[in-house]
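Chemist: Mind folding the following:
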Amino acid sequence: MYIRPTKKTVKGKTYTNYLLVESVQTPKGPRQRTVCSLGNLEPRPRAQWLKLAHKIEDALVGQSDWIDGSDPEVKAIVEKVRQRQARQKASPQASLRKDDNDLVAIHTDRVRVEEAREAGPVHVGVQFWKRLGVDEILRDVGLDEKTRQLTCAMVMNRLIHPSSEHAMADWIRRTALGDIVGVDFDRLGSHSLYRNLDRLHPNRTPIESALFERERDLFALDTTVYLYDLTSTYFEGQALSNPKAKRGYSRDKRPDCKQVVVGLVINRDGFPIAHEVFAGNTQDRATVDHMLDVLAERVGLAPGGTVVIDRGMAYAENIESIRARGRHYIVAARQSERDQWLAEFESAEGFEEVIRQPSPTNSPYGEQNKSRVRVKMRRCGEETHVLCLSDGRLQKDRAIRETHEKRLLADVAKLQKSVAKGRVKNPQKINQRIGRLRERYRRVARYWAIAYDAEKRAVVCECDQEKRSQAEMLDGSYLLRTDRTDLGADEAWRIYSLLTRAESAFRSMKSPLAERPIFHQLQHRVETHIFLCVLAYHLLVAIEKTLLDAGAHSSWATVRETLKTHQICTVVLPAEGSMTLKIRRDTTAEPPHKQLYDHLQIPRRIIRPVKTWIIEKVEM
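Modeler: Residues are numbered from 1 along each chain as shown. Alright, predicted model coming up:
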């Protein structure tokens, strides 16, 4: 019990009254119930108020020595409370209430279950929300309780069943989220969620920085390797009110849609460190310097840390920018640089196979998921170059090259047919079309000689077999560059291969967390939508990291699918007369549920049962 002040103003004068209240559990979560009014306690020191509340509480629970004492005020208040309780017990409904230990006669043919709600995935999400201390982080940046509750609900939606803000409120009500967090979402509407995006937007940076600091301490994360990659996310609609919505290179294969580019930096364990949203037509190479400034400002670049980027950003100015900040780099060299090492790639001398960890025993792919990788190190001035050959990548590169080659030859055949039939006669236009074909199929056009023969009035296409053989030799090969001299070829390759975790993060944000497509039209809401996806990914990677540390190789998708059968429901037990007992509780966890909860180190019980007696009319 505790004391709560209430104020009331009458004719310009304010009166203060103090209530003795207690917390009780209801079907809609914890609520405050008034025990009695204590009047105005202002004349006495504030230090004595809590003592008074404790005396009354002790007396009400049976410690009669307080009542028998010499404090008449306590005796009067306790007597007043007991008279009130006696009046309540005299009512027909209260007279039939049972204590927890009472046996109740039940009409078994009328027992039913109501309001079943999916609870398992929400339970896991909320537990990790608490474990990461996200609510405290939101409070520290000045967000009120309502904003924190709505943010939690929106992140849970993105983590479990992503939907638009328009449909999100209905999803929240279809789950047991309200039961678990103790919040009534019955009247929640989409406008509240949109306004919550507006309140979150200016606080994104401090929240993200504080969250990574919390994860670094909780999971003992390594902060010496920074993996940076980019992706694009497209819009539905014109997005006329968003200056960052531009057409550009679409990784989603949607060049018809406007987009934004999202840059994400993660550590070697896959935890997000920082993200930025760029205009949709921003080139990859133009973002590196900005992201380095963001990292230095938000979390600080570890002395001697290593920045890992892909070939789309491996330009001289970016490498120089990394070195100017006193950091190391590992980058994938561009194709033109790789081609200069053809002789080294052709020779098997010096290559050593990378010993890779076996796949988990429960992996659906087994050992077939591990392709053979061979590496060879060469010094080149101040840099170390690592030549890599991958059997798995060989098949991929060959398939891509052969597909491009077929498409090139098909388009050349169409052009030859048009020229032969006289549909295109102007040599300048014919050469322009040949130039466009070379640009479109750059990967294979380098070893196909395509020209217009004015005398024959025909397009000639011949293959340079020597260059084609070189291209075949380079299938499955790539070149890494680094300024670190303390790494062997094997370790340099392992660090670079961590970049696949950034790609995995983007896949998770786009598919399970449904980052795309974006329906928001305002720039700040687009940025907050992406921020919510990043927050959900923080929870996702924390969940999967915890499972991995426990020896369980399960993805979040598997966890979510397994736990969706663990629910919260209301058990309705018709008793004697017209009384009915309703118990709001979780179902008993099944063995697969228990195993996952134990791996994740969270309670198997989702909520404590809440019992409610009601008078119910019996239908005849």
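Chemist: And the residue nearest the centre of the chain, its phi and psi?
Modeler: When the chain is reduced to its mean C-alpha position, the nearest residue by Cα atoms, centre = their mean turns out to be residue 537, at 1.9 Å. Dihedral pair for residue 537: phi -70, psi -30, per degrees, to the nearest 10.
Chemist: My guess is residue 236 contacts residue 256. True?
Modeler: No. The pair residue 236 and residue 256 does not pass the contact test of Cβ atoms under 8 Å, sitting 11.2 Å apart. Every C-beta, even on glycine, is put in place using the N, C-alpha and C of the backbone.
Chemist: Show me where the stretch 51-200 of the chain has its strands.
Modeler: 112-118 (DSSP state E, counting those that start in this stretch).
Chemist: now the helices for it?
Modeler: 72-89, 92-95, 120-131, 134-140, 145-160, 165-174, 177-181, 190-200 (DSSP state H, counting those that start in this stretch).
Chemist: Okay, angle between the third one and helix 145-160 too, please.
Modeler: In this structure, helix 120-131 runs at an angle of 130 degrees to helix 145-160, with axes from the mean of the first three to the mean of the last three Cα atoms, to 10 degrees as the basis.
Chemist: Could you give me the buried positions within helix 120-131?
Modeler: Using 16 or more other Cβ atoms under 10 Å as the test for burial, helix 120-131 gives 120, 121, 122, 123, 124, 125, 126, 127, 128, 129, 131.
Chemist: which residues sit against it?
Modeler: 135, 152, 155-156, 159-160, 175-177, 180-181, 218, 539, 542-543, 559-560, 562-567, 593, 596-597, 600, 602-603, 606 (Cβ atoms under 8 Å, 6 or more residues apart in numbering).
Chemist: next one: the fourth one
Modeler: With Cβ under 8 Å, 6+ apart as the contact definition, helix 134-140 has outside contacts at 129, 147, 148, 151, 152, 155, 203, 207, 210, 211, 214, 535.
Chemist: now do 10 Å
Modeler: Here helix 134-140 makes contact (Cβ atoms under 10 Å, 6 or more residues apart in numbering) with 126, 128-130, 133, 143-145, 147-149, 151-152, 155, 181, 200, 203, 206-211, 213-214, 535, 538-539.
Chemist: quick check, distance from that helix to the centre of its chain.
Modeler: 17 Å (Cα atoms, centre = their mean, to the nearest Å).
Chemist: Filter the contacts of helix 134-140 down to just the buried residues.
Modeler: 126, 128-129, 133, 143, 147-149, 151-152, 155, 181, 200, 203, 207-211, 214, 535, 538-539.
Chemist: Can you tell me the SS state at the residue of the chain most remote from its centre?
Modeler: For the chain, the residue at maximal distance from the C-alpha centroid (Cα atoms, centre = their mean) is residue 455, at 63.0 Å. Three-state assignment for residue 455 (DSSP: H, G, I helix; E, B strand; the rest coil): coil.
Chemist: Quick check on the contacts of helix 120-131: which are buried?
Modeler: 135, 152, 155-156, 159-160, 175-177, 180-181, 539, 542-543, 559-560, 562-564, 566-567, 593, 596-597, 600, 602, 606.
Chemist: Now for residue 562: which residues touch it?
Modeler: 120, 121, 554, 590, 592, 593, 595, 596.
Chemist: Put together JSON lines for those, with secondary structure, distance to residue 503 and pLDDT on each row.
Modeler: Converted to JSON lines, the contacts of residue 562 look like this (DSSP: H, G, I helix; E, B strand; the rest coil; distance: Cβ to Cβ, whole Å; pLDDT from 0 to 100):
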{"residue": "120", "secondary structure": "helix", "distance to residue 503": "29", "pLDDT": "96"}
{"residue": "121", "secondary structure": "helix", "distance to residue 503": "25", "pLDDT": "96"}
{"residue": "554", "secondary structure": "coil", "distance to residue 503": "20", "pLDDT": "89"}
{"residue": "590", "secondary structure": "coil", "distance to residue 503": "35", "pLDDT": "95"}
{"residue": "592", "secondary structure": "helix", "distance to residue 503": "30", "pLDDT": "95"}
{"residue": "593", "secondary structure": "helix", "distance to residue 503": "32", "pLDDT": "96"}
{"residue": "595", "secondary structure": "helix", "distance to residue 503": "30", "pLDDT": "96"}
{"residue": "596", "secondary structure": "helix", "distance to residue 503": "26", "pLDDT": "96"}
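Chemist: before we move on, the earlier item: nearest to residue 391, of the helices of the stretch 51-200 of the chain?
Modeler: helix 145-160 (36.4 Å; Cβ to Cβ).
Chemist: Give the rounded mean pLDDT of that closest one.
Modeler: The pLDDT scores in helix 145-160 average 94.
Chemist: rewinding a little: worst average pLDDT in the helices of the stretch 51-200 of the chain?
Modeler: helix 92-95 (a mean of 46).
Chemist: elements contacting the helix or strand that residue 481 is a member of?
Modeler: Assessed by DSSP states H and E, residue 481 sits inside strand 477-482. Using 3 or more Cβ pairs under 10 Å, 6 or more residues apart in numbering; DSSP states H and E, the elements in contact with strand 477-482 are strand 306-309, strand 328-332, helix 335-339, helix 342-346, strand 373-380, strand 383-390, helix 391-420, helix 489-497.
Chemist: Just name the most buried of those.
Modeler: strand 306-309 (a mean of 25; mean count of other Cβ atoms under 10 Å).
Chemist: For that one, which strands pair with it and how are they oriented?
Modeler: Pairing partners of strand 306-309, with direction, according to DSSP bridges: strand 225-234 (parallel), strand 328-332 (parallel).
Chemist: the inter-axis angle of the first one versus helix 489-497?
Modeler: Put simply, strand 225-234 runs at 30 degrees to helix 489-497, going by the same axes, to 10 degrees.
Chemist: State the separation between strand 225-234 and the centre of the chain it belongs to.
Modeler: So, by Cα atoms, centre = their mean, the centroid of strand 225-234 is 14 Å from its chain's centroid.
Chemist: can you offset everything so residue one is 501?
Modeler: Okay, using 501 as the starting number, the last item reads as strand 725-734.
Chemist: what's the next secondary structure element after it?
Modeler: For strand 725-734, the following helix or strand on the C-terminal side (DSSP H and E) is strand 759-766.
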